[in-house]
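take this sequence and fold it.
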Amino acid sequence: MKHSYPAYRRHDISDDTWALLEPHLPGRKGVWGGSAQDNRLFINAVFWILRTGAPWRDLPPEYGGGSNTHRRFIRWRDKGIWENLLEC
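The predicted structure is shown next:
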């Protein structure tokens with residue numbers, strides 16, 4: 001089945017990878033603080049920045065605003081979320 005995603009989305013994380021990451025993320029359903037519907041989109045956005053080396057302001061709009069995504073990236077960094085994911 002062929003996807004109709006733009007070319008820059010071809011490296012988005014797979015369903016298998018997502019299944020491994022999701023249980024370790026903030027904002028999960030049933031966890032205090034509400035649920036973050038866009039964790040997968042956010043992680044794909046961060047990976048796009050890391051892959052391309054582009055500045056946050058050049059993040060494709062389909063991934064969300066570069067400024068908001070960058071702030072969230074910093075919050076996750078400060079809370080140790082990225083480190084925790086690397087240890088999974």
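
hey, let's count contacts and neighbours off CA atoms from now on
Noted.

how about the host helix or strand of residue 45: buried residues?
According to DSSP states H and E, residue 45 maps onto helix 39-52. For helix 39-52, the neighbour count (16 or more other C-alpha atoms under 10 Å) marks 39, 40, 41, 42, 43, 44, 45, 46, 48, 49 as buried.

could you identify the helix or strand that succeeds it?
The first helix or strand that comes after helix 39-52 along the chain, using DSSP H and E, is helix 66-79.

now what about that following helix, what contacts it?
For helix 66-79, contacts defined as C-alpha atoms under 8 Å, 6 or more residues apart in numbering pick out 42, 45, 46, 56, 57, 58, 59, 82, 83.

what mean pLDDT does it have?
Over the span of helix 66-79, the pLDDT mean works out to 94.

okay, angle between that helix and helix 39-52 too, please.
Taking axes from the mean of the first three to the mean of the last three C-alpha atoms, to 10 degrees, one finds helix 66-79 and helix 39-52 inclined to each other by 100 degrees.

contacting residues around the helix holding residue 45?
With C-alpha under 8 Å, 6+ apart as the criterion, helix 39-52 contacts 8, 11-13, 18, 25, 27, 55-56, 59, 63-64, 69, 73.

now stretch 56-70, how far from the chain's geometric center?
Relative to its parent chain, stretch 56-70 has a centroid offset of 11 Å by C-alpha atoms, centre = their mean, to the nearest Å.

got the CA positions of the helix holding residue 45 in CSV?
This file holds the C-alpha atoms of helix 39-52, laid out as CSV (Å, rounded to 0.1, in the frame of the first residue of the first chain):
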residue,chain,number,x,y,z
ASN,A,39,3.7,12.7,21.0
ARG,A,40,4.3,10.7,17.8
LEU,A,41,4.1,13.8,15.6
PHE,A,42,6.4,15.7,18.0
ILE,A,43,9.0,12.9,18.0
ASN,A,44,8.9,12.8,14.2
ALA,A,45,9.4,16.6,14.1
VAL,A,46,12.5,16.3,16.4
PHE,A,47,13.9,13.5,14.4
TRP,A,48,13.4,15.6,11.2
ILE,A,49,15.4,18.4,12.7
LEU,A,50,18.1,16.0,13.8
ARG,A,51,18.3,14.3,10.4
THR,A,52,18.4,17.5,8.3
